[in-house]
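In: 3D, please:
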Amino acid sequence: MEGSIVYKGILSKKKMDHGLFEDPYKGKVECWIQSGSLFVRPLGADRLPVPGALPDKMDLVFWKIEREDKCKFSLVSPGCVSSKFKTENPQEADNWVQHCNQAAERARNDSSSANVTSMRVIRDRDSMNLDGGVPRTGGEV
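Out: All right, here's what the predicted structure looks like:
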């Protein structure tokens, strides 16, 4: 993982196959936003990471961020699979949505900049003579 963590916290993640009388949001997860992605790692009852559990990674450029009612928001994958989260208060949910959107925008801009730089490198490389790195002038080489 590259880049610094821009936002971090503990959220409740909705369990999709919960029982009839079970709280669907009882599972706690540690979440952080880093390098244009949201990472989600399950926590145990002691609020420590579950041993051996690797974090899930959601690329915020491709996942749609949706604000839901009260303290909830969700991320929807390109395949329409949704991950739903609940915060302690509505302001915290707003903050998560805002930080996710900002991270996605930064990642899109970084990707665009990287693509432009790559195109320049390719153009510059193609304009160089393979025999010594001397720029081609259009005449015979």
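In: which stretches of this protein form strands?
Out: Using DSSP state E, the strands found in the chain span residues 5-13, 27-34, 37-42, 56-59, 64-67, 72-76, 82-86.
In: got a list of what the one residue sitting closest to the centre of the chain touches?
Out: Nearest to the mean C-alpha position of the chain, counting by CA atoms, centre = their mean, stands Ser37 at 1.5 Å. Going by CB atoms under 8 Å, 6 or more residues apart in numbering, Ser37 touches 57-60, 103, 107. Every C-beta, even on glycine, is put in place using the N, C-alpha and C of the backbone.
In: just Ser83 next, same as before
Out: Neighbour list for Ser83: 13-14, 40, 58, 74-75, 77 [criterion: CB under 8 Å, 6+ apart].
In: ok, now Val76?
Out: Listed by CB under 8 Å, 6+ apart, the contact partners of Val76 are 63-64, 66, 82.
In: And Thr87, by the same measure?
Out: Going by CB under 8 Å, 6+ apart, Thr87 touches 9, 11-12, 71-73, 93, 96.
In: try 10 Å this time
Out: Shown in contact with Thr87 (CB atoms under 10 Å, 6 or more residues apart in numbering): 9-12, 70-73, 93-97.
In: thinking Asp110 is in contact with Gly36, fair?
Out: Yes. Assessed by CB atoms under 10 Å, Asp110 is found in contact with Gly36 at 7.3 Å.
In: the more surrounded of those two?
Out: Neighbour count, other CB atoms under 10 Å: between Asp110 and Gly36, Gly36 has more, with 23 against 14.
In: was I right about that one contacting Asn101?
Out: No. Assessed by CB under 10 Å, Gly36 is found out of contact with Asn101, at 11.3 Å.
In: Overlap in contacts, those two.
Out: With CB under 10 Å, 6+ apart applied, the overlap between the contact sets of Gly36 and Asn101 consists of Leu60.
In: how about the residue lying closest to Gln34 once chain neighbours are set aside, what does it touch?
Out: Nearest non-adjacent residue to Gln34, counting by CB to CB, 6 or more residues apart in numbering: Ile5, 4.9 Å away. Contact analysis of Ile5 by CB under 10 Å, 6+ apart lists 32-35, 39.
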